[in-house]
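Engineer: Kindly return the folded structure for what I paste below:
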Amino acid sequence: MSALPNALRITTVLALLVLAGFPFYWMFVTSLTPSSQLFASTPQFWPVWSEAGVYREAFQKIPVATWLLNSLIVAAGTTILALSIALFPAYALSRFKFAGKGVMGLSLFATQMLPEAMLVVPLYALFGQFNLLNTLTALILANTAFTVPVVVWILKGAIDGVPEEIEEAARIDGCSPAGIVWRIILPLIAPTLAAASVIAFFHGWNEYVFAQTLVSSESLRTASVGLAGFVGELSTPIHTVMSIAVIYTVPAIIFYLFVQKYVVGGMTAGGVKG
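Structural biologist: Residues are numbered from 1 along each chain as shown. Okay, the predicted model is just below:
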């Protein structure tokens, strides 16, 4: 009797995997479909490998490698800075009692109500005063500002799951407050840090509004802006767009696969397993 439920679960998982991976597969197939068949009445479900030269042309004629490098710098910088800044506020919200604690937590949530487009002009003026316009540093700082509130709440939930007795034992042994955070709390919430890093990384990797507004140099253009630049008013090179979209998606998939084993546990289990 148990064979049927197992088969049903396996079938369901396989169906979900197909649904999740089909958009990426369709991008790949479209990038390798001849132009004469792109708008045919019968869809092309298999790639035409003779069209693979479109990927070679993407790197030879278009600065895709530079775009990807810029996106990687912004995403990695956003991730590292957001995690570094959010750790101590998350610890304070979890462990300390102080006036205005609820207001502070609510304020962090309220920041997520503001769309990025509303803050482009103020940030542009602010970064202009500090000579940060047309730099990747500006993108890292802007993306970090929007990512930190989310990361703070994710880390706070993990710290709430760490027994305070562990910290008390560390204090008795002479560990400083900062040492408790770095030596005790940080290792225990490592899975949640991985989950938060996914959110911060993808925000920096996919962000478009700030990258389009705060950076004007082509050498500092990110992949999201470069890819959007191929969408024309009269025509759009489908082969080029889809091939670059596939290239743009692969690093993000690799990063997620690298940390995915920590994500579910980090988002649900907290810091300590009993």
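
Engineer: Excluding chain neighbours, give the residue nearest to the residue nearest to the spatial centre of the chain in space.
Structural biologist: Nearest residue to the geometric centre of the chain (CA atoms, centre = their mean): residue 202, 1.2 Å. In this structure, residue 202 finds its nearest non-sequential neighbour in residue 252, 6.5 Å apart by CB to CB, 6 or more residues apart in numbering. All C-beta atoms are positioned from the backbone trio N, CA, C, and that covers glycine.

Engineer: Please name the residues that touch residue 251.
Structural biologist: For residue 251, the contact set (CB atoms under 8 Å, 6 or more residues apart in numbering) comprises 68, 71-72, 205.

Engineer: redo that, cut-off 10 Å
Structural biologist: 68, 71-72, 75, 201, 205, 223 (CB atoms under 10 Å, 6 or more residues apart in numbering).

Engineer: just for this protein, where's the confidence low?
Structural biologist: Applying pLDDT under 70 to the chain flags the ranges 1-4, 232-236, 262-274.

Engineer: Do I have it right that residue 123 meets residue 213?
Structural biologist: Yes. Assessed by CB atoms under 10 Å, residue 123 is found in contact with residue 213 at 8.2 Å.

Engineer: I figured residue 46 hits residue 29, correct?
Structural biologist: Yes. With contact defined as CB under 10 Å, residue 46 and residue 29 form a contacting pair (6.8 Å).

Engineer: between these two, who's got more neighbours?
Structural biologist: Neighbours per residue (other CB atoms under 10 Å) separate residue 46 from residue 29, with residue 29 holding more: 18 against 8.

Engineer: Grab the nearest non-local neighbour of the more buried one.
Structural biologist: Closest to residue 29 by CB to CB, 6+ apart is residue 47, at 5.0 Å.

Engineer: Assign a three-state SS to the one you found, would you?
Structural biologist: When classified by DSSP: H, G, I helix; E, B strand; the rest coil, residue 47 comes out as coil.

Engineer: Please report how far residue 42 lies from residue 33.
Structural biologist: Going from residue 42 to residue 33 by CB to CB, to the nearest Å gives 12 Å.
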